[in-house]
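Got a predicted model here, sequence first, then my questions.
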Amino acid sequence: MANIIKVLTESTGSIESLQALLSRARDYQPKAITLFCADGNGYTPDSLNPILQTLDLPVFGGIFPQLLDENRHLEQGNIAILWDAPITYVATKKISGGDSPLTPAIPDIQDTPLGDGFLMLLIDGLSQNIELFLDKLYLEIGGECEVVGGGAGSLSLKQSPCIITNEGLMEDCALLAWIPSAIGIGICHGWKPVAGPFVATTSERNEVHSLNYKPAFQVYSEAIHDSCQASFEGKDFFEVAKTYPLGIQNLDSQVTVRDPIIEQDDALVCVGNVPNFSKVYILKGEPETLVQAAGRATALSLKGLTEKTPSARPFSFVFNCISRALFLEEGFGKELDEIVRTLPSAGAYTGLLTLGEIATSELGSLQLHNKSVVVASMGGAS
Amino acid sequence: MTTTLDETFTIISVQHELGMTIGTSFDLTDMLTTFGHTALKCMNIQGIFFSFHDDFNGDSPLTLTIPKHQAAEYESLAPPADKISHWQENDTHYHSFPLGRIGVIVIKRRKIPLSDSVAYGLIPIIKRLELASLACMEHGAVINEIHERSRIQKELINEKNRIATTLNSIADAVVSTDASSRIEYLNPVAEQLLNISLEEAQQKPVYQLLNLSAENNASDELNNVFHQHLKQGNAWSSEQALNLITPSGDSIGVELSAAPILQRDSAASGHVIIIHDVTRKREIEQHISWQASHDSLTQLPNRSEFENRLKALFNDAHCRNGQHALLYIDLDQFKVVNDTCGHLAGDGLLQQLAMHMKEQIREADTLARIGGDEFAVILKHCPLNDALEIAENIRRAVQEFRYTWDEKIFTVGVSIGLVPITPESHDADRVFAQADLACYAAKDHGRNQVYLYKEKQGEFAAERQGEMEWISRINTALEHDNLILYCQGIYPLDKDLPTHLEVLLRMREGDDIIPPGAFLPAAERYGKIHALDLWVVTTVVKTVADIPLFTCKESNYRININLAGPSLSDSETLDAIKELMKAYPDVARIICLEITETSAITNISKCISFMDELTAIGCHFILDDFGSGLSSFSYLKNLPVSQVKIDGEFVKDISVDKIDRAMVTSIHQIAQAMSILTVAEFVEDDITLNILKEIGIDFGQGYGIEMPLPFKEKIRQLGGAGEAPGETKREDKGQQATA
């Protein structure tokens, strides 16, 4: 069982501040540190590696577009989560394609069942094959162990080293840390269907070429024009599309959001795969529903935790999509307020704005989400 | 139950998603894996399990679990194989779907079971999956067969390549034929050996290319036997040495074996013929065989080969009834050439003599070198008269041959023993011994002659046998101190010179005193002479060592001791004498060692070195029997001798034979000119003594002056007090003693 001793935050993002933060952390004699850094800090391997490589305890984490601290989102700064037990982690390198087939590295926890804890997955959000990695990971661990995490990296969408390990910063890799603690997970997005359903009659990984046997962009643009009077004419594609993501409905009517970010030759290029012949809706977001979704996700996670291990002082990890913040703009604070409001008074949370959110669904499958909020609540902070 | 349009849409979508994975691969596992992965995502399920009762390959039943670590969980389940089923364990729901008769699918879902509509919606998909699985299995079986065929084909190709590489690499010629003995294959060595390419050779009857011959077998007969074996599908290899006659007519020594290529019914579908070129091997064998049976110097058959041929003559019934002859040839004076000019000269002489002797015999005869300077000839089918003539021709040819070496000209002679070989002759060994005996007789009768073996010569054989017996008697005498010394005085004739005592050896056996002539020849022939010489020298030196009469500085006596030729050639004997003389320098001064000219020049340099060393100590040397051998004054000049003893043959008749007198005079004058004193032996009367005095000879010795006396007694006579072994006995001067 691992507990959080303390969460230390600083909001300047300078190396000196980080060093001071880590120096302060030592006072708590942690056995491991989870370190989340804001992309705005501008850390590079040259600046960060000397610090990481000289740490004499396990450190893992990532550089994310923004950090969440209570009701503020930090474009610069660092969060250090101090654990009272050693955390075992392992990184899988070259997930976009190396010399050998992609095989997820699973933390070696000897004879301890994986189900006695959960896996935090921090992955380079700009890597190829993220969903292939998730599929393979699921095939390795099945529903034995829940997984939660998100995509690290820069909002500039320029890939750079962003996963933190004791070896230093790493690029194009996935880090799995096994945390021996019960967890409850809530996944919500708050986006509502405005058109559909359509069938993705021709799709290839994250590119949807046709919907209902018609060019995907044509169907998409006509649908949002007809239902919402929105038009792409004279506008940047993403400026319009960020309000109208696609939603893949599964057999249980759950909708997984897919964010179309580029239009290319009448195809919609999404963040995340859209399976061939999947049932697809066009969604629309309203600030109110998105804010509510954050609260609902928090509540679901707390509920899930309570079902396993009731805790008076839960601690929640929030993996919130950066595009929600971009969409809600000034209203994003309300979403954070909603999370804080939903948490019990003794509870605490720390969060990240991510490039894709990852979680094991209620029914056991492991999925990559877009424009969603994933809340993972574990038993007690110290 | 009501199914909404939206739900139907969802089901159709799932059907589509799953349906698109069916038939995507002919590999059943691949297809099911793709299906399972898609099902996990589109149906929001935790796992899927496929179980097939059997497959078309007869392998163990196939099961596939996705994720695989759930396998144990599914295998413990027992889903009904004939109907769709749903059951729940805690919050996990299981749905099973029969895959027709071939298997079952189980789906695992958490918390929420599949709705009935979804479950039914899956039926057509699963039916398609069943058919596709069957197709995969059939295809797999076909593919497996194709793979197996391909594998076998590749192995065959590899095997063929291996065989081809092997055949191309081996040094033997390999020819394969079909059942009708027509060429199918030649490897490169065979192409080269038979001087024909594979393309040209193919389909040609093998007998056109393989023409064999053997030394003792007619070619036609041999080839018939070979081809008959091929025709009958039998293995064949020849036990005799074969030759392959090439199209160009060359004959190549080969070893050949043919093995049939047997089919399942044991019938031969052809042959593999291996031909090993043994030309070089045979050359080496012949060379080795020749070396083993021939003398490398003269190129003649050696003794072993000669004996084999002689025995073969006796074993050959046809020859056995014929008249043949055996010659045993011993060169006379060969040793002189060898010793004076060295072995190279001797070798050259032997080579040339061998050539000359060979010219005198017929082609069917055998001339062999059977020893150092000994030769033998088998004269096949040769009557005695013809054999005598050939032997005489050989003798004459050798006699007339002049051998030149370093500007010296040598002549040698041969002693030839001849034995006729008749049907009555006993065996090869006896005939050979008889020839040896006859040769010995030829030498004994004056050398350089042909001596025909006669039964009477058996006496000779007995004599030689007697010599062998002497050896054990000499050994006994040495061991039991049964040797005794006599001596005979050598007196100065007119001058004031010291008196010499020549020591003489006898053997005592019981009451008998045996003269040296009885045992010295045997001792010399069988290598005992060194021991006797050394015994004499040692005994004399130690005997007189304590007698002032001899050892004082003013002593007027000298003691002469004979050294035989073999002793002068034996380093150990010479070294022992030197050590002894060095140990007794007072005695050494009065010792005079008598050596013969022939024995001195046998190893002239060694002898001179020995003489110089002892001369330095004080010893003197006397050249004995001068005039009987080479009588070379040049040796007289070079050897450090102080006296020459003129051979008694010249002395004993000097009163009646003017030539002998002239010879003695001449030798004395030359010796005098060289400041060498002269001794005349065999002085048997006063007339002789006076003539010798007239000539001026310095010393005289013989029965006419003094009879031999036991050494001990003589010392006593002279007033010496020392003891000497032996007793007085009359010396037979005809058998001049020597030690």
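Arrived safely.

going forward, measure contacts and count neighbours with C-alpha atoms only.
Fine.

Which residue is the nearest non-sequential neighbour of the residue of chain A found nearest chain B?
Residue nearest to chain B within chain A (Cα to the nearest Cα): A:L139, separated by 4.4 Å. If the residues on either side of it in the chain are set aside, A:L139 comes closest to B:P67, at 4.4 Å by Cα to Cα, 6 or more residues apart in numbering or on different chains.

how much space between the one you found and B:C607?
Counting by Cα to Cα, to the nearest Å, the gap from B:P67 to B:C607 is 110 Å.

what distance separates the start and the end of stretch B:68-87?
The straight-line separation of the ends of stretch B:68-87 (Cα to Cα) is 21 Å.

what's the answer for stretch A:33-44, then?
Stretch A:33-44 stretches 19 Å from its first residue to its last (Cα to Cα).

what sits up against it?
A:12-15, A:57-67, A:74-83, A:153-155, A:161, A:164, A:169, A:352 (Cα atoms under 8 Å, 6 or more residues apart in numbering or on different chains).

average pLDDT across it?
Taken as a whole, stretch A:33-44 has an average pLDDT of 96.

Now do it: distance to the chain's middle.
Computed by Cα atoms, centre = their mean, to the nearest Å, the chain-centroid distance of stretch A:33-44 equals 16 Å.

thinking again about what came up before, any idea which element the residue of chain A closest to chain B lies in?
Secondary structure assigned from DSSP states H and E places A:L139 in helix A:130-141.

partners of the helix or strand following that helix, with directions?
For helix A:130-141, the succeeding helix or strand toward the C-terminus, using DSSP H and E, is strand A:146-152. Each strand that pairs with strand A:146-152, with its direction, by DSSP bridges: strand A:118-124 (parallel), strand A:357-360 (antiparallel).

So which bits of chain B are right by chain A?
For chain B, the residues in contact with chain A under the definition Cα under 8 Å from any Cα of the partner chain are B:9-11, B:13-14, B:16-17, B:37, B:40-47, B:66-70, B:109-112.

Drop anything exposed from the residues you listed.
For the residues of chain B next to chain A, burial is judged from neighbour counts taken by 16 or more other Cα atoms under 10 Å in any protein chain shown, and it is met by B:9-11, B:13-14, B:16-17, B:37, B:40-47, B:66-67, B:70, B:109-110.

Do the longest helix seen in chain A and chain B come into contact?
The longest helix of chain A (DSSP state H) is helix A:287-308. No: among the residues of helix A:287-308, none lie within reach of chain B under Cα under 8 Å from any Cα; the closest is 13.2 Å away.

what packs against that helix?
Helices and strands touching helix A:287-308, by 3 or more Cα pairs under 8 Å, 6 or more residues apart in numbering or on different chains; DSSP states H and E, are strand A:183-188, helix A:332-342, strand A:373-378.

Now do the same for the residue of chain B found nearest chain A: its pLDDT.
For chain B, the residue closest to chain A is B:P67, as judged by Cα to the nearest Cα, at 4.4 Å. Model confidence at B:P67, expressed as pLDDT, equals 86.

Of the strands paired with strand A:146-152, which is nearest B:N475?
strand A:118-124 (111.9 Å; Cα to Cα).

Could you tell me the angle between that closest one and strand A:373-378?
Per axes from the mean of the first three to the mean of the last three Cα atoms, to 10 degrees, the angle that strand A:118-124 makes with strand A:373-378 is 140 degrees.

Next, the angle helix A:130-141 makes with strand A:118-124.
For the pair strand A:118-124 and helix A:130-141, the angle between their directions (the same axes, to 10 degrees) equals 150 degrees.

Strand A:118-124 vs strand A:183-188, what angle?
Orientation note: strand A:118-124 sits at an angle of 50 degrees relative to strand A:183-188 (the same axes, to 10 degrees).

Relative to the whole chain's centre, how far out is strand A:118-124?
For strand A:118-124, the distance between its averaged C-alpha position and the chain's averaged C-alpha position is 9 Å (Cα atoms, centre = their mean).

so for it, what's the average pLDDT?
According to the model, strand A:118-124 has a mean pLDDT of 96.

can you list contacts of it?
Taking Cα under 8 Å, 6+ apart as the criterion, the residues outside strand A:118-124 that touch it are A:61-62, A:130, A:145-153, A:162-163, A:171-183, A:358.

quick one, phi psi at the closest residue in space to B:V272 that isn't next to it in sequence?
Leaving out its chain neighbours, the residue that sits closest to B:V272 by Cα to Cα, 6+ apart is B:S176, at 4.4 Å. Dihedral pair for B:S176: phi -120, psi 150, per degrees, to the nearest 10.
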